[in-house]
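>>> Okay, predicted coordinates and the sequence, questions at the end:
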Amino acid sequence: MKKSIAFIYGLLAYLIFLIAFLYAIGFVGNFIVPKSIDSGTETNFWQALLVNALLLSLFVIQHSIMARPAFKKWFTKFISPAIERSTFVLLTSLILLLIFWQWQPITSVVWKAENITVAMILTGIFIFGWLIVFLSTFMINHFELFGLEQIFDNLKNKQSQSHVLQVNFFYKIVRHPIMLGFIIAFWATPLMTLGHLIFAIGTTVYIVLSVKYLEEKDLRSYIGKDYEDYQKKVPMLIPFMKSGK
């Protein structure tokens, strides 16, 4: 019964992740979804800035803490290791949905592509960024990354395999293509408002700092020399850089 409940829980967490991921595309791109990054009632600039900063900070705190190996070790004393990843995915997705819901628009225009061709190119780059994110998850292990493999293994009384370094496709160009895809998607827009710019700057700074000082450290500790060698050969986020750092 416990394994069945864990399985259902993991599936629901993944479903909520899919909703949040798809909504994120519309939210940042200003299409289809009822509430986007530039829609809604505009308030005082400083009030909007404070609310948005608090929303992004909530994501940063949750994501930074729960992704760390020390927290995972402590957390799995209270919950089954089979649903640890699903819980991380679920809470991350819920916070993203909160951001989408409560984000305060600041619609002052920073740039606008008046030329239709330029606007189409920027939109194409935006879509390409999201494709990089999505495809990159399958180039490692999409199902393990979002907790599905763990709940399936748990249901079948199978021990989940330890994570191993996989260097293929996009991962031969940069070490963190998922994060690169997010950066591209957040910046490529034919209409950049001040609110969107603040979002893009905040998320980009967090991505760079967290990858460089948190995730890379964890990967070196977990994988060891193989990852150190990988660092020397492949750049972190910017393709074709000579230095692996």
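That came in fine, so what should we check first? This structure is a prediction, so every number in the text was calculated from the model and none was measured. Numbers count the residues shown, from 1 in each chain.

>>> For stretch 132-141, buried residues please.
Residues of stretch 132-141 classed as buried by neighbour count (16 or more other Cβ atoms under 10 Å): 132-133, 136-137, 139-140. Yep, even glycine has a C-beta here, placed from its N, CA and C like the rest.

>>> Ok, stretch 79-88 next?
Neighbour-count burial for stretch 79-88 [16+ other Cβ under 10 Å]: 80, 82-88.

>>> Among the buried residues of stretch 132-141, which ones are in helices?
132-133, 136-137, 139 (DSSP state H).

>>> Output those as CSV; include the columns distance to Arg220.
Putting these into CSV (distance: Cβ to Cβ, whole Å) gives the following:
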residue, distance to Arg220
Ile132, 24
Val133, 24
Ser136, 20
Thr137, 22
Met139, 21
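
>>> Switch these over to JSON lines; also include pLDDT.
Shown next, in JSON lines, are these (pLDDT from 0 to 100):
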{"residue": "Ile132", "pLDDT": "98"}
{"residue": "Val133", "pLDDT": "98"}
{"residue": "Ser136", "pLDDT": "97"}
{"residue": "Thr137", "pLDDT": "96"}
{"residue": "Met139", "pLDDT": "94"}
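
>>> which among the buried residues of stretch 132-141 gets closest to Lys72?
Ile140 (17.9 Å; Cβ to Cβ).

>>> Just the pLDDT at the closest one, thanks.
We have a pLDDT of 92 for Ile140.

>>> Show me the shaky parts of the protein.
162, 242-245 (pLDDT under 70).

>>> since we're on Phe126, how many residues are nearby?
When neighbours are counted by other Cβ atoms under 10 Å, Phe126 registers 20.

>>> wait, Ser93
When counting by other Cβ under 10 Å, one arrives at 22 neighbours for Ser93.

>>> Just the residues contacting the strand or helix carrying it, thanks.
For Ser93, the host element (DSSP states H and E) is helix 84-102. Outside helix 84-102, the residues that touch it by Cβ atoms under 8 Å, 6 or more residues apart in numbering are 9-10, 12-14, 16-17, 19-21, 23-24, 27, 33, 35, 51, 55-56, 58-59, 62-63, 66-67, 72, 75-76, 79, 144-147, 150-151.

>>> Could you pick out the buried ones from these?
9-10, 13-14, 16-17, 20-21, 23-24, 27, 33, 55-56, 59, 63, 66, 75, 144-147, 150-151.

>>> Which of those fall in helices?
Taking DSSP H, the ones among those that sit in helices are 9-10, 13-14, 16-17, 20-21, 23-24, 27, 55-56, 59, 63, 66, 75, 144-145, 150-151.

>>> Report the secondary structure state of Lys77.
coil (DSSP: H, G, I helix; E, B strand; the rest coil).

>>> Now it, what are its backbone angles?
phi -80, psi -20 (degrees, to the nearest 10).

>>> Also Asn30?
The phi/psi pair for Asn30 (degrees, to the nearest 10) is phi 60, psi 50.

>>> repeat for the one 5 residues further on
In this entry, Lys35 is assigned phi and psi values of phi -130, psi 110 (degrees, to the nearest 10).

>>> Tell me who's in contact with it.
By Cβ under 8 Å, 6+ apart, the contact set of Lys35 is 27, 100-101, 103.

>>> Which one (most neighbours) among those residues?
Most surrounded of the contacts of Lys35: other Cβ under 10 Å gives Phe27, at 25 neighbours.

>>> check contacts around Cys218.
I think there's a mix-up here, since residue 218 is Asp and not Cys. 67-69.
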